[in-house]
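S.K.: I need the structure of the sequence given here:
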Amino acid sequence: MNETPAAARRRGGSDLIVLRPAGLYCPAGDFHIDPWRPVARAVITHAHADHARAGHGAYLATAAGEGVLRARLGSGISLQSLAYGEAVDCNGVRVSLHPAGHVLGSAQVRVEHRGRVWVASGDYFVSGIEHDANTTCAPFEPVRCECFITESTFGLPVYRWRAQAAVQRDINAWWQANADAGRASLLMGYSFGKAQRLLAGLDSSIGPIVVHDAVEPLNAAYRAAGVRLPATRAIDQVPRPELKRAIAIAPPAVQGSHWAQRLGDDAADAFASGWMRLRGARRRYGVDRGFVLSDHADWPGLQRAIGATGAQRVIVTHGYEAVMVRWLQQQGLQAESFITAYGDDALDGDSGAALGADGDAAGAGDGAAAATPGAAGDTAAP
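M.R.: Alright, predicted model coming up:
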């Protein structure tokens, strides 16, 4: 019986990457990409916990992200690292890793076999504003392919980011106003990725910069990779009078904790997240101020990234899958979705009970739609 191309794709026989119970799998190369169950060989796009899990036999990841990956999974893992663009042969499949612009060491996985090329993007940052890249890691690099596997964390038209420099100016102005009023500032963002982006944009002349113990080991990995961050101190290293002018960078789980209370009862607090684009998000998160800053592509950024690949087939993973698939089909592309285990911020231990997903939800990026406060109908005007 002759099998239609669509049926063959559903069966997975002709596809370079298919969905298996353990995760995305390359049959020809016999390896998984960001698997959520233990496997023999795992190619890891980045070190957020929903993409990089313990228990695999062997790991392949970027050299740029090796320090963070070992810090999170243990120094004893069996890890082979590659420079961006460097290729390795896996059972006749050529595998290379290319910048995703999401966090330090984040990569897209290019898979080439018998002249065919697929790319699994993991999580990535592309802004609708041209050249507005994440300054704390290598910027997203479009990779030409026939099939592109994409996230859609912020796959709704409402999600459109402002220039990062403008958001950082707002953060510094907020900190300055608090310092002038003798109030400490608590700025919450996920420990891996978001915290370092926030730090990189701070004006250290305003006052001391304090970081939570969960953030500092990741800062060390960024500094070791050559990323410039301002000097930081632990909270107990700053005299109480100086804390009145300080800004503290910490994961959202500290909200209401003893650690946060050490900043003073009148401390101002804020949360940096792509979800702050939603109407009412600041109120639901229970903070004084919300800053819209994400480690993921916004709606026009997703469109730019997908278009730059030249792919005629697109597979959507986590986020607003149905919306993105429908839009892609309207553009004349072949589009479908994979149901994955990506986007669980609780894996990173950075989220508090009252807080949903953000940067570390895509591990520490900005989260999956299923975990967000609010749904498609609960959005602000574009």
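S.K.: every contact and neighbour count from this point should use C-alpha atoms.
M.R.: Noted.
S.K.: quick check: T232 vs P252, distance?
M.R.: 18 Å (CA to CA, to the nearest Å).
S.K.: which one of these two is surrounded by more residues?
M.R.: The neighbour comparison of T232 against P252 (other CA atoms under 10 Å) goes to P252, with 27 against 18.
S.K.: what pLDDT does the model give the more buried one?
M.R.: The model reports P252 with a pLDDT of 94.
S.K.: that one reaches G189, doesn't it?
M.R.: Yes. Counting by CA atoms under 8 Å, P252 touches G189, with 6.2 Å between them.
S.K.: quick one: contacts for Q168?
M.R.: Shown in contact with Q168 (CA atoms under 8 Å, 6 or more residues apart in numbering): L198, G201, L202.
S.K.: contacts for the helix or strand containing H98?
M.R.: Using DSSP states H and E, H98 falls within strand 93-99. Residues from elsewhere that reach strand 93-99 (CA under 8 Å, 6+ apart): 28-29, 61-62, 82-89, 105-113, 138-141, 143.
S.K.: out of those, which are buried?
M.R.: Neighbour counting by 16 or more other CA atoms under 10 Å classes 29, 61-62, 82-84, 105-112, 138-141, 143 among those as buried.
S.K.: hang on, the earlier thing: which neighbours do P252 and G189 share?
M.R.: F271.
S.K.: which residue sits closest to G201 in space, ignoring its chain neighbours?
M.R.: Q168 (5.7 Å; CA to CA, 6 or more residues apart in numbering).
S.K.: repeat that for A311.
M.R.: E146 (4.5 Å).
S.K.: neighbours around the one you found, how many?
M.R.: 14.
S.K.: next SSE after the one helix or strand G67 maps to?
M.R.: Assigned by DSSP H and E, G67 belongs to helix 66-73. Using DSSP H and E, the helix or strand that follows helix 66-73 in sequence is strand 79-82.
S.K.: which ones are touching R223?
M.R.: L229.
S.K.: for the helix or strand hosting it, what is the average pLDDT?
M.R.: With secondary structure defined by DSSP H and E, R223 is part of helix 216-224. Mean pLDDT, helix 216-224: 96.
S.K.: may I see the buried residues of that helix?
M.R.: E216, P217, L218, N219, A220, A221, Y222.
S.K.: and what of stretch 239-252?
M.R.: Using 16+ other CA under 10 Å as the test for burial, stretch 239-252 gives L243, K244, R245, A246, I247, A248, I249, A250, P251, P252.
S.K.: same question for stretch 115-124.
M.R.: Those would be V117, W118, V119, A120, S121, G122, D123, Y124, for stretch 115-124 by 16+ other CA under 10 Å.
S.K.: swap in stretch 196-213?
M.R.: Buried-residue list, stretch 196-213, by 16+ other CA under 10 Å: 196-204, 206-212.
S.K.: picking up where we left off before, Provide the strand pairings for the strand holding H98, with the direction of each partner.
M.R.: strand 87-90 (antiparallel), strand 107-113 (antiparallel) (DSSP bridges).
S.K.: quick check: what element follows the longest one along the chain?
M.R.: Pointing back at strand 107-113 there. Past strand 107-113, the next helix or strand by DSSP H and E is strand 116-120.
S.K.: tell me how this protein divides into domains.
M.R.: The chain breaks down by automatic domain parsing into domains covering 5-159+296-342, 164-291.
S.K.: tell me what angle the strand holding H98 forms with strand 116-120.
M.R.: 40 degrees (axes from the mean of the first three to the mean of the last three CA atoms, to 10 degrees).
S.K.: quick check: mean pLDDT of strand 93-99?
M.R.: Across strand 93-99, pLDDT averages out at 98.
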